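Engineer: this one's sequence-less:
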């Protein structure tokens, strides 16, 4: 199994989109890309931790390709808006692909470059390596599934 983190606004809708893909083994809402250890939702919403709301996608690369995951990511949000998606505003709602290894990072950059060719406005998605993922509180996990 492999892992990757995606930020595309509020993590509830992002999680729902990735859960539907065949080959995605699990999803977890959480926080990454910032400086504070063990942040809470309130900490991240305050906007000073540097973390983004993200979804950790654990997937089986023999069933779903990384390219398919990237295609889902580019489709579910606007990667050309800086620090906002829909009504969500702030650095914690930024567009981001956070990778656990150099190979995945390179593939993410290639995917961004490919998708940029189809857009007139520059993609502002943060693409970087990450070491830590902090799982969000239980009531944020599968939120839309629990709160139809």
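Structural biologist: Yes, it's here. As the structure is a computational prediction, the values presented were derived from the model and not from experiment. Numbers count the residues shown, from 1 in each chain.

Engineer: Just the buried positions in stretch 107-117, please.
Structural biologist: 107-108, 111-112, 115-116 (16 or more other C-beta atoms under 10 Å). C-beta: built from backbone N, CA, C; applies to glycine.

Engineer: got it, and stretch 59-74?
Structural biologist: Result for stretch 59-74 [16+ other C-beta under 10 Å]: buried residues 59, 64, 66, 69-70, 72-74.

Engineer: what's the closest of those to residue 80?
Structural biologist: Nearest to residue 80 out of those is residue 74 (C-beta to C-beta; 10.6 Å).

Engineer: Check what pLDDT residue 114 gets.
Structural biologist: What the model reports for residue 114 is a pLDDT of 97.

Engineer: no wait, residue 144
Structural biologist: Residue 144 is given a pLDDT of 83.

Engineer: For the helix or strand hosting it, name the packing helices and strands.
Structural biologist: Under the criterion of DSSP states H and E, residue 144 resides in helix 143-146. Where contact means 3 or more C-beta pairs under 8 Å, 6 or more residues apart in numbering; DSSP states H and E, helix 143-146 is packed against helix 11-19.

Engineer: Any chance of TSV for the buried residues of stretch 59-74, columns secondary structure?
Structural biologist: Below are the buried residues of stretch 59-74 laid out as TSV (DSSP: H, G, I helix; E, B strand; the rest coil):
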residue	secondary structure
59	strand
64	coil
66	helix
69	helix
70	helix
72	helix
73	helix
74	helix
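
Engineer: can you list the residues you listed in CSV and add distance to residue 125?
Structural biologist: Listed next are the buried residues of stretch 59-74 as CSV, based on distance: C-beta to C-beta, whole Å:
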residue, distance to residue 125
59, 19
64, 20
66, 15
69, 14
70, 10
72, 14
73, 9
74, 9
